[in-house]
Every structure is written in C-alpha cells, then in structure tokens.
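[1] Fold the stuff below for me.
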Amino acid sequence: MFKNHFKIAWRNLTKRKVFTAINILGLAIGFGSSILIYLFLNYHLSFDKFHENANRIYRVVTEEYADILTYEPSVPPAFAKEFRENYAYAEKVAKINTWEGNLVSVDQGNQVIQLKEDAVFAEPDFFDIMHFPLIKSMGSRTLDEPNTAYVSESTAKRWFGNIDPLGKTFVLDNRETIEVIGVLANLPKTSMVNQGLFISFKTLIALEDYAALETWNGMTSDLQCLVLLKPNQNVAHIEKALLELPEKHRKGFANKHVYKLQPLADIHLNPNYWGMDPTVLWAFGIIGLFLILIGSINFVNISTAQAFTRSREIGVRKVLGSFRHHLFLQFLSETFIIGLFAAVLGICLAAAVLPQFNGLFQIEITLSDLLGWRVFAFLTVVLVLVSFLSGSYPGILMSRIVPVLALKGKLSQKDTGGTTTRKILVVAQFAISIALIAATVIISRQMDHAINSDLGFNTESIVMVDIPTVTEPIKIKSLKQRFKKITGVQQVTACLSSPGAAKSNWTTGVRYHNNPKDEAFNINYKMGDIDYLNVFGLDLLAGRNYFESDSISEVLVNKRFGEKLGILDPEEMIGKKFRANGGYVQGTIVGVVDSFHDADFKQEISAAFIVQKPSSYNEIALKISPQNVENTLGQIETLWSDAFPGYVYEYRFMNERVAEQYETEQRYLSLSKVFSGLAISIGCLGLYGLILFFVGHRTREIGIRKVLGSSVSKILALFTMDFFKLILIAGVLATPIAWYFMEQWLQGYSYRTEIHWWIFAIAIVSTLFITLVTISYQTFKIALSSPVKSLRTE
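    As a prediction, this is how the structure comes out:
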C-alpha cells in the first residue's frame, strides 16, 4: 500500500514540476539554514563537555563592589594557595595565566624562526583537573619545574617538523629558555583553553609577572583559578565559607570582594564573566524555525490553492473506493517526498557555504560534523514534523471533498479550503520577513552609531606599534625621535593602554585631595608621555598637560572622574592630590581632559587617569599622513626592526582596533542580513507559486477584462492589491512585536540609537516592492498576451 502511495505521489509531483520545484527549493533553503544554525548552537553548547569530571570543575570568580558592581573571571594571586592549604573542599586547585602574542624563537637547526604565540602558564595540577591527554612526555617530569613546557601536536609539528620535540628548547620573549617536556593531543576548539603552548607557572617568577606574586592586593584578568571539587560538595556552603577571606586579607581595601564558584559548563555562555551572550543562540534558533515555517507555509498555500484543480482526481478516487485515510496518506506521501528532496538539497547547500560560515564566526565545524548522526537525527525529526504538519491540512482538506460536487465541478472555495487560511498564512510569512528586515535595520543603525559616533578621541590615521616590554625608556625616546623624522609621520607617543583599549580597568581605592580615606572606584588607567593628548586628540578642558618626567608626580584625569565625585567644574580639580591603588599611583592633578569611551557602547564611560611611567610603555602610537601610507609604513618598519633585532614587527591601525570591540555584533549583523534575505526569498518563491497558479486559473477572466477595455495596470492591480493589503496587515502585526524585542536588545547598550516608526515603514515598503517585482513578471506576461488566446484556454 505504501509503495503504491509513493508511486502515485511521485507521478503527481512530476506532473506539476514548477510547483514541486518551488516547494522543494523553499524547504531546502529552510532546511539548509536550520542545519547551519543547529550546528552553530551545538558548537557553542558543547563547550568543555568533554572533560571527565566536568560537573565537579569550577572556576573561582569575583564579584567586586566599588562605585559599581563588576564581575571578574579572576581572583587575587594568593587565593589559590589559601584555598588549597586551608580548605578541604577540593581535590585539586590550579592557577593559569594567559599571555597573548608572545615572541617565541625556535632553533630549527639551519635557522632560527620567530613566531607570535599565545601561551598559558599553568600549575601542574591543571592537567589533573582538565582532560587534556598527554601523548608523549619525558618520564615523570611535570610542569612543576620552572622553564618547562608542554606543546600541542600541531604546535610541535609547526615548530620542529618531524623531529621529536622532547628535550628541544625555545626562547620566550628573548629572555627565558624553555624546555619542551611533553606533547599534548590537539585541544578541541570547544574548550575554554585551547592554546597550543603551556608553560610552567613557576616561570612567571623569573619573568617578574604580577600573577606570580602571593598577594591579595588587586587582580589581573589574565589569571584564573580552577578547582576540582570533591564529590557531593555543596557549592552554596563553600561560597559562604569564602566570605571570610576578604575580611581576613583585604580588610583595609575600599573595594569589596565576594568569591563565587562558576561551573565549568557556565563559563562559555555567561556574558557577566566575558562569555558569550546565550540570547544570541536562542535568537538564531528561533530564526531557523521561522525559515522552516515559511517554507512549510509555501507548501500549504500552494497545495490548498491546487485543491480546486485536483478535485476531480479526488472525486474519481473516492468513487473507485478510496477512503479518507487513504487520501490523507497519499498527500502525506507527497509532502514526505518533497521534504526528502529538500533535506538532501539543504545538506548540499549547507556544505557549500560551510567554509564561509566558519570564517564569519571563527568556528570549526567540519564536513564530518555536517554529515554526523546528530545532524541526521535533527533532520529526521524536522523532516517528519514538517511532512506531517505541512501535509496534514491539505490532506484533511482534500480527503473531505464530496465526490458528486467534485465530478460536477460545483465545488466552492469553501470546499477547497477557501482563501481565509491562505491569507492568514501569507500574513504570517510577510510578518516574519518584515520583523527580520526591521531588526536588521535597527542592529545596523546601532553598529553605525557605535563605530561612527564621537568617541572622545581620534582614531583615524593612527598606527599602533608594539615594543618589547623590557625596552629601556631612553631607547624608546630615541626611537620616537627617529620616527618623527619620517616625512609621513606627524606625531608620536609612547604609551601603555591607548584610549579605547577596553582592558585597562582597575577596581581599586582612590583618594582625592584631603579625603580621610579611599573611595572604591572603577577607573581606567592610562600611561603615556607628553605627546599622548596630541596624538589621540584628547580635549584638555582645564589646567595643562604634564611636564616630561621619568616618574609619576603629575596626573591627568577625565571629566567623568570629577562627576563621580560630584564635581561638575573641571577647574575645581586642578592642584588637588590624587592617590590610587594604595599609593601605587599618586601625584597632583594638573589637567582635566574630556571624557572618552574606553570600551564598547554597552558600558558607561568610566573615570580615568593618565600618568607618565616610561618603564611600563609597551607600544608606540604614530599619527601619520593619509598620503603615501605604504611608504610611511615601510619606513616605520625599517626603523623598528633596526631598533629591535630578534623581535617580530607588528602594527595595527587604531580604528581597526576600536572596531574590534563590535566584531561579534558585526558578525551577527551579517548573518541577520542573510537570514532576512532568505526569509524574503522563500516567501517570494511561495508567492510566485501562488501567482503562477492564480494567473493560470484566471487566464480567461483576464482575456474578458481586456476585451472589455481593462488596461495592463488595472489587471496588475487586480492581482497586487490583495497581496498589498495582506502585507500592510502583516506590518501592523509585526511592528509592535519586533519593536518590543529590539527595544529589549537595545537596553543592553548604555549609549544607543532610538527606534523610529520609519524603520518599520522601510521594512513594509521594501516588502511591498519585492512583492511587486515577484508578481509583476507573470502578471504582465498574461496581461500583454492576446485576449483571443486567453479566451481559448478554458
């Protein structure tokens, strides 16, 4: 019986090739998009699930209370030792510290190559907590020894080729020689830590890094503490016990700490602690459902529209003995065949765009992932649901046709499903398209607002060049003078943390003027020489720039600093004493600059101070002429390479670095544009199918109208007005829903654009225009044809 159903279904589908192709293509685009979205969701939801004891692994994080509450994915350097030695909750405790862009020099025998590598400095217990298999090692040696390292397989291959890497050495930042004592299996991309180089934590002592100090005074966001709890521990009880630590070790500090345990599974998708925002995942999941829904609506609309022409076929089948359930199964079979072809085509479409999809989101989804059992299971469920839901309504509709009326040709629109259901479904399609277009416009406007607004500092034609951290101040000063002699270089400054650097926040105690005690502040620190203000275009509102000095004695603050103290007149701060971080920074305020954005527009402008500290400078910023840029960059590289032989030269433009703060949003904007386009395309395919059917069904009517004097424009209006009304209804329904959800999204930004009515007007007009283009071709074709030919078609 089923074989017969599928045979007849195949015959019916091949008889109506155009409509079958429209249905398959619409569903295929929906299936292909949903497969990619499913893989995207699965990728992000699978982070750190591969560890053996994942449910017992936690990261210790800090809630820091100052003038605002900040969430830090780190703890003070001394926390790990205290927790390990004085608390009995954990089996293992380990610190890791991440360094980015380290200079690594590798001797390959015939040459020494220099690379920039990200590295993790790890305590040995880290590898007992996390499941990173060691596939080759030097006996029982571990990262408990200073100046030792593990490398991943791919890193070993890149550095040493086919030579055994064990016992080989490399030089880190031209300072420390490190020995390779182990090779790790390549780390999954779905890991919170996926670098290819792990160096012993004790090496940081020789490198004089802050993270190696056993101190409770401050934190660095690069330092993290991971713990493997003993079985059956109560996390709330542990967090309560940790409340005593700030009282014990940080009693005099103005900023208050509360230490929390963050589950390993929560790290990747917790935006408070620099993870990804999970609402993005669910938003794309909903879009995937919408795309499948639009494709399914196409099928239902076209199938019900064809009910009238197929009524005689149904009538004959009923007269010959077919029961309602036979006819119902027949239509389900047709739907399933269409869905099956669409699923196969959807997989092909997904495979074709997979490299671009990976590149856009900087993820690694392989072809084997695409063809894996998870996708097969997902697609099977979707295919069955779509086939049943899309085929059920037309199947029920067709199976209840009265044979006598069908054979006599006396069926009404009501008998074949009427137009109300089709109109409701078309409205749903258009509403989804309008909402997606409006959302895309709003996201685009917010990105444009963030990137092109006045940030309070200059970003154009500024080149940022890294310099080694151990560079002596006198050498930096000499290099600056040589840079200034280049024709295309206008101004030069050496600094640590330029405006817009984003990661230069201190939550610390700040004492202003004669205040008796420190106030807890979230404040940005900047260090730069006397040319810092000129190069970055910071506006001086009061006072003067500081005089050149090798030590911190004069301080510049921004206007926001005064506002947080309740001081509205910048002049009032001139000559007042400034002290921060327990006296690490102290001096006299000599100037006040206008406030500037140091992070993205999601965060409010922070208080900031700028001081001179030549021994801390790690980059040089050069304001260059927009003419002959390549020549200027070449001269800069030559002088830099002469000054720092044995180091790798790197530069970046300031505006590119600032734009990176919105890199994630830009990716999602690109994808939302694609999905909006796909939603409209699928909807237009269905619309084209409906128009094709209606025009063909009303060919004789069009001929009569032409004979009676109707113009082409009137005939076009005959077919377009109904759809235009449906689009307007869809716009009315979509506007408040899209407005509400986009308003919720924009509330995540401290500095945001506004939602205006004309955005939705644009979305509606765009949909109207696309609809007009879609239906015009077929309508014009019939309207321009000879009425005699039209009258002979029925």
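[2] which SS class is the residue lying closest to residue 213 once chain neighbours are set aside?
    Once flanking residues are discounted, residue 213 sits nearest to residue 77: 5.3 Å by C-beta to C-beta, 6 or more residues apart in numbering. Where you see a C-beta, it was placed from the backbone N, CA and C, and this is true even at glycine. Of the three states, residue 77 takes coil according to DSSP: H, G, I helix; E, B strand; the rest coil.
[3] Residue 350 too?
    Three-state assignment for residue 350 (three-state DSSP): helix.
[4] give the contact list for it.
    Neighbouring residues of residue 350 by C-beta atoms under 8 Å, 6 or more residues apart in numbering: 32-33, 35-36, 39, 370.
[5] ok, 10 Å please
    Neighbour list for residue 350: 28, 31-39, 357, 365, 367, 370, 375 [criterion: C-beta atoms under 10 Å, 6 or more residues apart in numbering].
[6] and the two most separated of those?
    Greatest spacing in the contacts of residue 350, by C-beta to C-beta: 28 and 365 (19.3 Å).
[7] Comparing these two, which residue is more hemmed in?
    residue 28 (24 against 19; other C-beta atoms under 10 Å).
[8] what's the next secondary structure element after the biggest strand by length in the chain?
    As assigned by DSSP state E, the longest strand anywhere in the chain is strand 90-107. Later in the chain than strand 90-107, the nearest helix or strand by DSSP states H and E is strand 112-122.
[9] which of the residues in the longest strand of the chain are buried?
    Under the neighbour-count criterion of 16 or more other C-beta atoms under 10 Å, strand 90-107 has 90, 92-99, 103-106 buried.
[10] just stretch 112-122 next, same as before
    Here stretch 112-122 shows 117, 119-122 as buried, counting by 16+ other C-beta under 10 Å.
[11] now the strands for the stretch 351-500 of the chain?
    462-466, 489-496 (DSSP state E, counting those that start in this stretch).
[12] wait, which of those is closest to residue 349?
    strand 462-466 (41.0 Å).
[13] domain assignment for the chain?
    1-47+280-418, 54-267, 469-646 (automatic domain parsing).
[14] Phi, psi for residue 628 please.
    Note on residue 628: its backbone torsions stand at phi 50, psi 50 [degrees, to the nearest 10].
[15] cool, residue 371 as well?
    phi -100, psi 10.
[16] From the structure, what's the count of residues near it?
    11.
[17] what's the answer for residue 439, then?
    Taking other C-beta under 10 Å as the criterion, the count of residues near residue 439 is 24.
[18] Residue 60 falls within a strand, correct?
    Yes: counting by three-state DSSP, one finds residue 60 located in a strand.
[19] how close does it get to residue 87?
    Distance from residue 60 to residue 87, counting by C-beta to C-beta, to the nearest Å: 11 Å.
[20] Now list whatever residues contact both of these two.
    Counting by C-beta under 10 Å, 6+ apart, the residues touching both residue 60 and residue 87 are 93, 227, 238, 242.
[21] Excluding chain neighbours, what is closest to the third one?
    So the one you mean is residue 238. Excluding the flanking residues, the one nearest residue 238 by C-beta to C-beta, 6+ apart is residue 89, at 5.1 Å.
[22] What values do phi and psi take at that neighbour?
    The phi/psi pair for residue 89 (degrees, to the nearest 10) is phi -90, psi -20.
[23] list the contacts for it?
    58, 83, 227, 229-230, 233-235, 237-238, 241-242, 261.
[24] 8 Å - rerun?
    83, 227, 229-230, 233, 238, 241.
[25] So which of those residues belong to strands?
    Filtering those for membership in strands, criterion DSSP E, returns 227, 229.
[26] With mean pLDDT and distance to residue 461 added, can I get the domains of the chain in JSON lines?
    Output for these, formatted as JSON lines (pLDDT from 0 to 100; distance: least, C-beta to C-beta, whole Å):
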{"stretch": "domain 1-47+280-418", "mean pLDDT": "75", "distance to residue 461": "28"}
{"stretch": "domain 54-267", "mean pLDDT": "92", "distance to residue 461": "24"}
{"stretch": "domain 469-646", "mean pLDDT": "89", "distance to residue 461": "5"}
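[27] Mind putting those into CSV with distance to residue 670?
    Output for the domains of the chain, formatted as CSV (distance: least, C-beta to C-beta, whole Å):
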stretch, distance to residue 670
domain 1-47+280-418, 6
domain 54-267, 21
domain 469-646, 18
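[28] among the strands of the stretch 351-500 of the chain, which is nearest residue 586?
    Residue 586 lies closest, by C-beta to C-beta, to one member of the strands of the stretch 351-500 of the chain: strand 489-496, at 17.5 Å.
[29] Next, find the distance separating residue 288 from residue 29.
    11 Å.
[30] picking that back up, Serialize the strands of the stretch 351-500 of the chain to TSV and add fields for mean neighbour count.
    Shown next, in TSV, are the strands of the stretch 351-500 of the chain (neighbours: other C-beta atoms under 10 Å):
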stretch	mean neighbour count
strand 462-466	20
strand 489-496	21
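[31] could the ones you listed go into TSV alongside distance to residue 727?
    Formatted as TSV, the strands of the stretch 351-500 of the chain follow (distance: least, C-beta to C-beta, whole Å):
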stretch	distance to residue 727
strand 462-466	48
strand 489-496	54
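[32] on that earlier part again, now, which of the buried residues of stretch 112-122 sits nearest residue 204?
    residue 121 (5.3 Å).
[33] excluding its backbone neighbours, what's nearest the closest one?
    Going by C-beta to C-beta, 6+ apart, residue 121 has residue 97 as its nearest residue, at 4.4 Å.
[34] Could you double-check that the one you found lies in contact with residue 204?
    Yes: here residue 97 reaches residue 204: they are 6.4 Å apart, a contact under C-beta atoms under 8 Å.
[35] Need phi/psi at residue 749.
    phi -110, psi 130.
[36] how close does it sit to residue 299?
    From residue 749 to residue 299 the distance is 40 Å (C-beta to C-beta).
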